[in-house]
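Asks: Turn this into a model:
(2 chains)
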Amino acid sequence: MASIDTGGGDGGHKKGPGVKKAKKLSTRVDMTPMVDLGFLLITFFVFTATMSTPTTLDLNMPKDVKDPKKQTEVKNSGALTILLGKDNNVFYYEGQLKVAEGENNFKSSTFKEIRQVIIDKKAEVIKNFNPANVDPKLCEEEKAKAKKKGDPNWEDACKDMDFVVIIKPTDEATYKNTVDILDEMSINQVKRYALVKVGEEELKLIKATEDSQKK
Amino acid sequence: MPSVKIPRKSTDTDMTPFVDIAFLILSFFIMATKFKPPEPVEIKTPGSVISQKMPESNAVLISIDSSNKVYFTLKSEKEPEKFDELIKGINEKQNLGLTPAEINNFKKTIMVGVPFSQLKGLLDLDPKEQEKIKQPGIPVLDSTNNQLVWWIQQCKVAFAGEQLVYLIKGDGASKYPAFEAVVEALKKNDELKYGLVTDLDDVPKGSALDIAQQQGLK
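Replies: Numbering: from 1, shown residues only, chains lettered A, B, ... in the order given. Take a look at the predicted model:
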């Protein structure tokens, strides 16, 4: 068994007749329990050690502006509105909401599929980029920023300037949904996005879609 | 015939080096372990790909638990006198009539999740007893009585001229209105930058962020 080798032998042997010698006790210590305890403590500390250090996701909100003239305008061609419903349902539409007969752009999606929707829309906006439509000053600023960061494609930096994602969580959306979609923004490098309150018409549409899905 | 003697070897293994290593690892873990701070309510934060570390000091932590209750925590390890400043301000503004002992107790309170009317009762209790009771949460959902606004306002007074970070730590299962109400309370105090506390997730392969990170961008 586990023990410290002290070199000591077992027992004593008699030297000569009549000599009584005290029995020599072994100095070897059985170390098994000590090892057991040692590893038990290691296991305990390994498990209690905080492995996941919390991180923070930055969120900047705009100031509430009552004056409609001062509100940020979003170009119809570059807008993507994402609505978060209950039970992790996601809905989206491009540009302005159109629900006329034969021209319905309100679509239902999931958290897995929404990434592709964002990527596609971003690519579309970049493809349709027309330098005549943007403020050259803003464009230059954007390029300078990208160049400073060391982006090799800094020339393209302002091509997605018109791309804005509008996130509208409903009251039934969970906090996780909200964080997930904000996370999706950083995953897909969407530079412009906003958290906006959901509208009446959209709520009605979500409800109608959810009802039809139940059936 | 000469007999070949095979020396009998002991099956005993010397475990001393083994023990040495075991205890070395043990001492490493003891020293490196930072225990989780006690949390009266458990909050499971959702994951995100952001790898920015959470600030530990000069921060206001607003927690939302899975049943949409809102809690308030001030993080100021370096300057404990800020706790006194904050609670004294609250005491004055809300006319709570707190005793000096109760004011002193605020430092040890980990989380405040009660309306102002119950704050005196909460601060009367020992920190250990506070953990046991169920706090009803700070009222936020009613926009006319969003008490978080006052908490943040007094924090701004206590930390005037200093940097203060606002952290929102929500449970993944909490509903959006609670989060919106918290943001609303911050907005009313002209605070527009927040940090959402999350766990670290891996960046999905092939995404725009993944490519950007490989190129060495921030």
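Asks: Could you list the low-confidence segments of the chain?
Replies: Answering for chain A, as no chain was given. Scanning chain A for pLDDT under 70 picks out the ranges A:1-20, A:49-53, A:66-72, A:100-103, A:133-134, A:150-153, A:214-215.
Asks: Can you look at chain B instead?
Replies: B:1-2, B:35-39, B:216-218.
Asks: switch the cut-off to 50
Replies: Low-confidence segments of chain B (pLDDT under 50): B:218.
Asks: Could you check how far the most centrally placed residue in chain A is from B:Val19?
Replies: The residue lying closest to the centre of chain A (CA atoms, centre = their mean) is A:Asp183, at 4.5 Å. Going from A:Asp183 to B:Val19 by CB to CB, to the nearest Å gives 47 Å. Placement of C-beta: from N, CA and C, glycine included.
Asks: Check B:Glu42 too.
Replies: Distance, B:Glu42 to B:Val19, using CB to CB: 38 Å.
Asks: More neighbours: which of these two?
Replies: Set B:Glu42 next to B:Val19 and count neighbours by other CB atoms under 10 Å in any protein chain shown: B:Val19 wins out with 18 against 8.
Asks: if I read this right, the more buried one contacts A:Phe39, doesn't it?
Replies: No. Using CB atoms under 8 Å as the test, B:Val19 is too far from A:Phe39 to be in contact (9.8 Å).
Asks: Please spell out which residues along the longest helix along chain B are buried.
Replies: The longest helix of chain B (DSSP state H) is helix B:16-32. Going by neighbour count (16 or more other CB atoms under 10 Å in any protein chain shown), the buried part of helix B:16-32 is B:19, B:22-23, B:25-26, B:29.
Asks: Reformat those residues as CSV; add distance to B:Ile62.
Replies: Shown next, in CSV, are the buried residues of helix B:16-32 (distance: CB to CB, whole Å):
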residue, distance to B:Ile62
B:Val19, 48
B:Ala22, 43
B:Phe23, 43
B:Ile25, 39
B:Leu26, 38
B:Phe29, 33
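Asks: out of those, who's near chain A?
Replies: B:19, B:22-23, B:25-26, B:29 (CB under 8 Å from any CB of the partner chain).
Asks: can I have the helix or strand containing B:Glu129 written out in CSV, keeping just the CAs?
Replies: Using DSSP states H and E, B:Glu129 sits in helix B:127-132. Only the C-alpha atoms of helix B:127-132 are listed here, as CSV (Å, rounded to 0.1, in the frame of the first residue of the first chain):
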residue,chain,number,x,y,z
PRO,B,127,-28.2,40.3,6.3
LYS,B,128,-28.6,36.6,7.0
GLU,B,129,-32.3,36.9,7.7
GLN,B,130,-32.7,39.1,4.6
GLU,B,131,-31.6,36.3,2.5
LYS,B,132,-34.3,34.1,3.8
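Asks: which residue ranges form the strands in chain A?
Replies: A:55-60, A:79-84, A:90-94, A:99-100, A:103-104, A:107-109, A:164-169, A:193-195 (DSSP state E).
Asks: Show me what the last one is in contact with.
Replies: Outside of strand A:193-195, the residues that reach it under the criterion CB atoms under 8 Å, 6 or more residues apart in numbering or on different chains are A:59, A:61-62, A:72, A:164-169, A:178, A:182, A:185, B:183.
Asks: where does B:Lys134 land in three-state SS?
Replies: When classified by DSSP: H, G, I helix; E, B strand; the rest coil, B:Lys134 comes out as coil.
Asks: I'd like to know how far it sits from B:Phe83.
Replies: Relative to B:Phe83, B:Lys134 is positioned 23 Å away (CB to CB).
Asks: cool, B:Ile25 as well?
Replies: In terms of CB to CB, B:Ile25 sits 39 Å off from B:Phe83.
Asks: and the longest strand seen in chain B with strand A:55-60, angle?
Replies: Using DSSP E to define each element, chain B has its longest strand at strand B:193-200. If you take axes from the mean of the first three to the mean of the last three CA atoms, to 10 degrees, strand B:193-200 sits at 150 degrees to strand A:55-60.
Asks: Would strand B:193-200 count as contacting chain A?
Replies: Yes. Applying CB under 8 Å from any CB, one finds that strand B:193-200 is in contact with chain A at B:193-200.
Asks: ok, the residues you listed vs A:Leu84, which is closest?
Replies: The closest of these to A:Leu84 turns out to be B:Leu196 (CB to CB; 15.3 Å).
Asks: Pull the number of nearby residues for the closest residue to A:Lys191 other than its chain neighbours.
Replies: Spatial nearest neighbour of A:Lys191, excluding adjacent residues (CB to CB, 6 or more residues apart in numbering or on different chains): A:Asp160 at 6.8 Å. For A:Asp160, the count of nearby residues is 20 (other CB under 10 Å).
Asks: repeat for the one 5 residues further on
Replies: Using other CB under 10 Å, the number of residues around A:Val165 comes to 25.
Asks: shouldn't it be in contact with A:Gly78?
Replies: No. Using CB under 8 Å, A:Val165 is not in contact with A:Gly78, being 9.5 Å away.
Asks: Let me know how buried A:Asp64 is, in neighbour terms.
Replies: A:Asp64: 10 surrounding residues under other CB under 10 Å.
Asks: so what's it closest to, chain neighbours aside?
Replies: Per CB to CB, 6+ apart, closest to A:Asp64 is B:Lys187, 6.2 Å.
Asks: Confirm that the one you found sits in a helix.
Replies: Yes. B:Lys187 forms part of a helix when assessed by three-state DSSP.
Asks: which ones are touching it?
Replies: A:61, A:63-64.
Asks: Next: B:Asn189.
Replies: B:149, B:152-153, B:156.
Asks: quick one: which of those residues has the most company?
Replies: That'd be B:Ile152 among the contacts of B:Asn189, by other CB under 10 Å, with 24 neighbours.
Asks: element containing it?
Replies: helix B:148-158.
Asks: Point out the other elements, helices or strands, that that helix touches.
Replies: Applying 3 or more CB pairs under 8 Å, 6 or more residues apart in numbering or on different chains; DSSP states H and E, we find helix B:148-158 packed against strand B:59-64, strand B:70-75, helix B:81-94, helix B:176-188.
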